[in-house]
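Engineer: Dropping the sequence and predicted coords here.
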Amino acid sequence: MGFQTQDVERKVISILHVLNDVKEPLGARVIAQHLKDYGVELGERAVRYHLKLMDERGLTQLVGRRDGRVLTEQGVEEVRNALVRDKVGFANTKIELLAYRTGFDIEKRCGQIPVNASFFPKEKFNRALHAMKSTFEAGLCVSDRVAVAQEGELLGELIVPEGKVGLATVCSIVINGTLLKAGVPVDSRFAGILQIRNHKPLRFVELIRYDGCSLDPSAIFIRARMTSVREVVRKGDGKILANFREIPAPCRPTAEAILARLSEAGLHGLLLMGDTSEPLCEVPVEPNKIGMILIVGLNPIAAAEEVGIEAENLTMSTAMEYQNLVRIQEL
């Protein structure tokens, strides 16, 4: 990019990520607020300075009379290619940020919870719903609560693109966040393809580590059509999306109590919890740790993909108020 210092480059890339994630014109003040989520402290004046440099290099452009900026095609390409070493482990960073933002109150059944956003072609959305409903009913999801938004409307902090319908599904990071608030640290290790046999988890057949990945592994598995979620619903045999977490062994009683209360609130997610230091579904567990297998909230989206209905998935992308979600059966 031709900038003289790595510090400037890193700040520019962070601004590009903010504009890419929000996908609407943003001014310097709002960008400065979003940058805090990336660990970047820049004042409004400093952001304006960097935006001017980015305009000159064709990465951003001014929209309207105010200082709202959007990415150019060159800016979008730069986000895809920039700072590979910074992108390694980016998925893990997103998990930590969304866990921190989780503010679900189990007793009051309210507060911010993390969601995945999926954008379907408008003309295919009803077919997608039909393909997904049996997966929700079978419990192969974190929750049967969803949110729907039409083109131009907000889905959490994201604007639904033209010609699309947005669907928000609850993300398993709600478990990370709720346990974190209760003082239980959670290590997010893998996302993978979990083989189910006779309705029971058997083993992971594919794994991608979060700390070595720049993309969400679940979205990769969906696009590669490596699941057979609909077969699991129909026959109890197939492959679903799941992820692997670890918690310190002394935290087990607290974690079990929290997970039970989450389940009562309609947030399930937990598929299996192992014993101390013991492998779980053929995945080794660190000493004095306990493995947990969580269902991925995108399994219904994978079911739609299996019948040929593709969606653009922005996983682990935003948070929404729990009370604004509705049951899938109400759609």
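Structural biologist: Received, thanks. Quick caveat: nothing in here was measured; it's all calculated off a predicted structure.

Engineer: Pull the number of nearby residues for the nearest residue to residue 277 once chain neighbours are set aside.
Structural biologist: Excluding the flanking residues, the one nearest residue 277 by Cβ to Cβ, 6 or more residues apart in numbering is residue 287, at 5.3 Å. Heads up, the C-betas are built off the backbone N, CA and C, glycines and all. By the measure other Cβ atoms under 10 Å, the count of residues near residue 287 is 7.

Engineer: try residue 274
Structural biologist: By other Cβ under 10 Å, the residues close to residue 274 number 17.

Engineer: Same question for residue 302.
Structural biologist: Residue 302: 29 neighbours (other Cβ under 10 Å).

Engineer: so what secondary structure elements neighbour the host helix or strand of it?
Structural biologist: Assigned by DSSP states H and E, residue 302 belongs to helix 299-306. On a contact count with 3 or more Cβ pairs under 8 Å, 6 or more residues apart in numbering; DSSP states H and E, helix 299-306 meets strand 112-121, helix 125-137, strand 164-170, helix 217-223, helix 229-235, strand 238-248.

Engineer: ok, residues contacting that helix?
Structural biologist: 116, 118, 120, 128, 131-136, 140-141, 167, 169, 221-223, 225, 227-230, 233, 240-241, 311, 313 (Cβ atoms under 8 Å, 6 or more residues apart in numbering).

Engineer: Could you tell me which of these count as buried?
Structural biologist: 116, 118, 120, 128, 131-133, 135-136, 140-141, 167, 169, 221-222, 227-230, 233, 240-241, 311, 313 (16 or more other Cβ atoms under 10 Å).

Engineer: right, and residue 35 touches residue 16 too?
Structural biologist: No - between residue 35 and residue 16 there is no contact under Cβ atoms under 8 Å: 11.1 Å.

Engineer: Ranking helices and strands of this protein by mean pLDDT, which lands last?
Structural biologist: None of the helices or strands of the chain scores lower by mean pLDDT, DSSP states H and E than helix 84-87, at a mean of 54.

Engineer: what angle separates the next helix or strand after it from strand 112-121?
Structural biologist: Downstream of helix 84-87, the next assigned helix or strand under DSSP H and E is helix 90-101. Going by axes from the mean of the first three to the mean of the last three Cα atoms, to 10 degrees, helix 90-101 is angled at 130 degrees with respect to strand 112-121.

Engineer: which other helices and strands contact helix 90-101?
Structural biologist: strand 112-121, helix 173-181, strand 312-321.

Engineer: What mean pLDDT does that helix get?
Structural biologist: Helix 90-101 comes out with an average pLDDT of 82.

Engineer: tell me the angle of it relative to helix 173-181?
Structural biologist: Counting by the same axes, to 10 degrees, helix 90-101 lies at 60 degrees to helix 173-181.

Engineer: how about helix 90-101: buried residues?
Structural biologist: Here helix 90-101 shows 90, 91, 92, 93, 94, 95, 96, 97, 98, 99 as buried, counting by 16+ other Cβ under 10 Å.

Engineer: In a markdown table, list the residues you listed along with distance to residue 247.
Structural biologist: Formatted as a markdown table, those follow (distance: Cβ to Cβ, whole Å):
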| residue | distance to residue 247 |
| --- | --- |
| 90 | 23 |
| 91 | 19 |
| 92 | 16 |
| 93 | 20 |
| 94 | 20 |
| 95 | 14 |
| 96 | 15 |
| 97 | 19 |
| 98 | 18 |
| 99 | 13 |
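
Engineer: For residue 23, state which of these is nearest.
Structural biologist: Checking the buried residues of helix 90-101 against residue 23 by Cβ to Cβ gives residue 94 as the nearest, at 16.2 Å.

Engineer: Around the nearest residue to the closest one once chain neighbours are set aside, how many other residues sit close by?
Structural biologist: Once flanking residues are discounted, residue 94 sits nearest to residue 316: 4.6 Å by Cβ to Cβ, 6+ apart. As a burial measure, residue 316 scores 25 neighbours (other Cβ under 10 Å).

Engineer: From what I see, residue 316 and residue 101 are in contact.
Structural biologist: No - between residue 316 and residue 101 there is no contact, the gap being 10.9 Å when judged by Cβ under 8 Å.

Engineer: For the nearest residue to residue 228 once chain neighbours are set aside, grab the count of nearby residues.
Structural biologist: Of all residues not flanking residue 228 in the chain, residue 238 sits nearest, at 3.6 Å (Cβ to Cβ, 6+ apart). Residues lying near residue 238 (other Cβ under 10 Å) number 20.

Engineer: swap in residue 324?
Structural biologist: Burial of residue 324 is recorded as 12 neighbouring residues (other Cβ under 10 Å).

Engineer: doesn't residue 147 make contact with it?
Structural biologist: Yes - contact criterion Cβ under 8 Å: residue 324 and residue 147 qualify, at 6.1 Å.

Engineer: Number of residues surrounding residue 278?
Structural biologist: Neighbours of residue 278 under the rule other Cβ under 10 Å: 11.

Engineer: What distance do you get for it to residue 210?
Structural biologist: Using Cβ to Cβ, to the nearest Å, residue 278 is found at 22 Å from residue 210.

Engineer: average model confidence for the helix holding residue 302?
Structural biologist: Averaging pLDDT along helix 299-306 yields 97.

Engineer: Many thanks, we can stop here.
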